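Asks: Give me coordinates for this.
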Amino acid sequence: MKTKEEVYGILGKYDVIVCDTTLRDGEQTAGIVFSNVEKYRIAQLLDEAGVPQIEAGIPTMGADEKKAVRHIARMRLNASILGWNRANKADIDTSIDCGVDSVAISMSSSDIHIEHKLKKSREWVLEQVASSVEHAKAHGLYVSCNGEDASRADMGFLIEFAKTAKDAGADRFRYCDTIGRETPFSCYDRVKRIIDEVGIEVEMHTHDDFGMATANCMAGVAAGARFMSTTVLGIGERSGNAPLEETVMSCRHLFGKSTGIEPLKLKPLAEFVSVASGRPIAVSKAFMGANCFAHEAGIHADGIIKDARNYEPYDPDEVGLERKIVIGKHSGRNTIVTDLSHRGIQLSDEEAADLLERVRRIAVKLHRSISSDELLNMYRDMKAGEDPLDDET
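Replies: All right, here's what the predicted structure looks like:
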């Protein structure tokens, strides 16, 4: 177990700090269950990638869950290990028993939850927040206090909630867009107000129900939040969470902020989580998909051939992907000319126009792109005066 001072050191190195919750919120995805061995490997891969804090699970669930959290806490990882808890002392004691160095203490902050889920009062909520945070701090733990459903909470009460947590000793406040109904504009304003009025570090925990998890997370970062709660590939409750790879790369390229996470380590991590979760990586998945650097449209492919910066926002080598010029219906002349030139074949303008017309017809007929070898065979057919799609042959 790391000391509180060691945790502060780990979480103070970079501009933006990732607390990855793949092992907690990610596994809460309907139908996903990680074996403990898979959890240990995911924790190891997260650590190797440079993730500074890992939310390892919910110890109070007991059985295999508690065993897994305890094991991860003893793996001597560089990362801080955090256990998730409700705002009560019994949960926190179970986390302490697992040897974690940090805890997340979660309590509803919206009136919808307080009245219809907890069936309690605002005063009761604040009492539970104060007593549970104080209990965790008394045991030398780093504390994140989570405002569940913060995006629907009354702003005045949310400020009071965060102040109560801070006064009790909480190290940060987790702003939870629990049902993914936030917008980047309101998110920015609300998070900035919390930071300005409470003076506490803020963590963004956003869901993707409206497809805005990454946007809302980054809006919070723009407002001054220094912590991001993420999951690998964005797995999580319902439509998922803010993806680790998207938020880290957005910090790196769009916000100019360091996270300490190595981009090249993200792909093997994502591939392992994909297999363990049974969730294939979509070919168009940002930063991870096989088509991230695939170009077919003639104008784009021509621009890439001349200078990749024309149509690529970052170098594919950065995340271990490869550039692909796809030959198909939307290809232009330069694509086929360049491809065949690599085989020592120089096309005349007339040959290029004839071959391109054949490529487009065959791509439509086959409902797919054309491989380089197929292009070579089509060139040979053309030179021999043959046309596989000629109805008269």
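Asks: Give the other helices and strands that the least confident helix or strand in the chain by mean pLDDT contacts.
Replies: Of the helices and strands making up the chain, the lowest-confidence element is helix 298-306, at a mean of 83, by mean pLDDT, DSSP states H and E. In terms of contacts (3 or more Cβ pairs under 8 Å, 6 or more residues apart in numbering; DSSP states H and E), helix 298-306 is packed against strand 324-325, helix 333-341. To be clear about C-beta, it is placed using only N, CA and C from the backbone, and glycine gets the same treatment.
Asks: Helix 333-341 and that helix, what's the angle between them?
Replies: Helix 298-306 runs at 50 degrees relative to helix 333-341, counting by axes from the mean of the first three to the mean of the last three Cα atoms, to 10 degrees.
Asks: all helices of the stretch 201-350 of the chain, in order?
Replies: For the stretch 201-350 of the chain, the helices defined by DSSP state H, counting those that start in this stretch cover 213-223, 244-250, 266-277, 298-306, 333-341, 349-366.
Asks: Counting by contacts, list what the first one packs against.
Replies: Applying 3+ Cβ pairs under 8 Å, 6+ apart, one finds that helix 213-223 makes contact with strand 172-177, helix 184-198, strand 201-206, strand 227-230, helix 244-250.
Asks: Convert the C-alpha atoms of the fourth one to CSV, please.
Replies: In other words, strand 227-230. The C-alpha coordinates for strand 227-230 follow below in CSV (Å, rounded to 0.1, in the frame of the first residue of the first chain):
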residue,chain,number,x,y,z
PHE,A,227,-8.6,14.4,-13.6
MET,A,228,-10.3,12.3,-16.2
SER,A,229,-12.2,9.0,-15.5
THR,A,230,-11.9,6.8,-18.5
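Asks: Adjust the sequence numbering to begin at 33 for everything that follows.
Replies: Sure, I'll start counting at 33 from here, so that last one is strand 259-262.
Asks: what lines up beside that strand in the sheet?
Replies: strand 49-52 (parallel), strand 233-238 (parallel) (DSSP bridges).
Asks: And the helix or strand where residue 413 lies, what's buried?
Replies: Assessed by DSSP states H and E, residue 413 sits inside helix 404-415. By 16 or more other Cβ atoms under 10 Å, the buried positions in helix 404-415 come out as 407, 410, 411, 414.
Asks: Tell me the confidence at the residue nearest in space to the middle of the chain?
Replies: Computing the C-alpha centroid of the chain and ranking residues by Cα atoms, centre = their mean puts residue 275 first, at 1.3 Å. At residue 275, the pLDDT value in this model is 98.
Asks: State the distance from it to residue 246.
Replies: In this view, residue 275 and residue 246 are 7 Å apart by Cβ to Cβ, to the nearest Å.
Asks: go on, residue 237?
Replies: From residue 237 to residue 246 the distance is 13 Å (Cβ to Cβ).
Asks: Who has more neighbours out of these two?
Replies: It is residue 237, of residue 237 and residue 246, that has more neighbours when counted by other Cβ atoms under 10 Å, with 31 against 23.
Asks: Test of understanding: give the bridge partners of that one.
Replies: residue 208, residue 261.
Asks: how about low-confidence regions in this protein?
Replies: Counting by pLDDT under 70, the ranges of the chain that qualify are 423-425.
Asks: mind giving me the domain split of it?
Replies: The record's domain parsing of the chain by automatic domain parsing lists 36-309, 326-415.
Asks: Residue 320: which of those domains is closest?
Replies: Closest to residue 320 of these is domain 36-309 (Cβ to Cβ; 5.0 Å).
Asks: Okay, buried residues for stretch 101-117 please.
Replies: By neighbour count on 16+ other Cβ under 10 Å, the buried set for stretch 101-117 is 101-105, 109, 111-117.
Asks: Quick check: buried residues in stretch 50-63?
Replies: 50, 51, 52, 53, 54, 55, 56, 57, 58, 59, 61.
Asks: what's the burial count for residue 381?
Replies: With other Cβ under 10 Å as criterion, residue 381 counts 9.
Asks: Contact partners for it?
Replies: Residues counted as contacts of residue 381 (Cβ atoms under 8 Å, 6 or more residues apart in numbering): none.
Asks: isn't residue 278 right up against residue 318?
Replies: Yes - between residue 278 and residue 318 a contact is recorded at 5.5 Å, counting by Cβ atoms under 8 Å.
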